[in-house]
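# Fold the following, please.
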Amino acid sequence: MKTPNSTIIAGSKRGIQRVDVGLYGYRFKSKQLAEIAKNVVVAVVVVSSLGPTKVNEGYLHMLIENQFPEEKQQEILGILLKARKDVLPPHYRE
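As a prediction, the model looks like this:
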């Protein structure tokens with residue numbers, strides 16, 4: 001069993017982050033391991049981020065392209081661009 005999932009977080013204090021979560025289930029076949037536990041569920045969480053000065057509009061397009069339905073992508077891009085602008089130092093703002 002494997003259920004990978006991703007989300008994007010846009011916040012004024014932390015900028016833009018991508019969170020990937022994976023849940024994996026295993027059934028042990030080894031007798032020694034099965035004495036301790038027969039089944040195990042593992043949760044993996046990875047939080048990725050870049051400094052706001054390294055994130056451009058093209059990167060944000062790529063980030064949302066495979067994550068969201070096409071009809072929602074422009075709305076989400078607007079949210080991410082605003083979050084990026086909010087955390088940029090003043091001399092980087094457009």
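# per-residue confidence at V45?
What the model reports as pLDDT for V45 is 91.
# ok, how many other residues are close to it?
Close neighbours of V45, defined as other C-beta atoms under 10 Å, add up to 9. Every C-beta, even on glycine, is put in place using the N, C-alpha and C of the backbone.
# pretty sure it contacts V21?
Yes. In this structure V45 lies within contact range of V21 using C-beta atoms under 8 Å: 5.3 Å.
# Next, the distance between the ends of stretch 44-59.
24 Å (C-alpha to C-alpha, to the nearest Å).
# List the buried residues for that stretch?
By neighbour count, and taking 16 or more other C-beta atoms under 10 Å as the criterion, the buried residues in stretch 44-59 are P52, V55.
# Run the chain-centre distance for the longest helix anywhere in the chain.
If you go by DSSP state H, the chain has its longest helix at helix 70-87. Relative to its parent chain, helix 70-87 has a centroid offset of 15 Å by C-alpha atoms, centre = their mean, to the nearest Å.
# List the buried residues in that helix.
Neighbour-count burial for helix 70-87 flags I76, L77, L80, L81, A83, R84, V87 (criterion: 16+ other C-beta under 10 Å).
# Name the nearest residue to the fifth one, ignoring sequence neighbours.
If I follow you right, that is A83. For A83, the nearest residue in space outside its immediate sequence neighbours is A10; the separation is 3.5 Å by C-beta to C-beta, 6 or more residues apart in numbering.
# TSV for the buried residues of helix 70-87, including pLDDT and distance to Q17?
What follows is those, written out as TSV (pLDDT from 0 to 100; distance: C-beta to C-beta, whole Å):
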residue	pLDDT	distance to Q17
I76	88	14
L77	89	16
L80	85	11
L81	84	15
A83	80	10
R84	79	12
V87	72	11
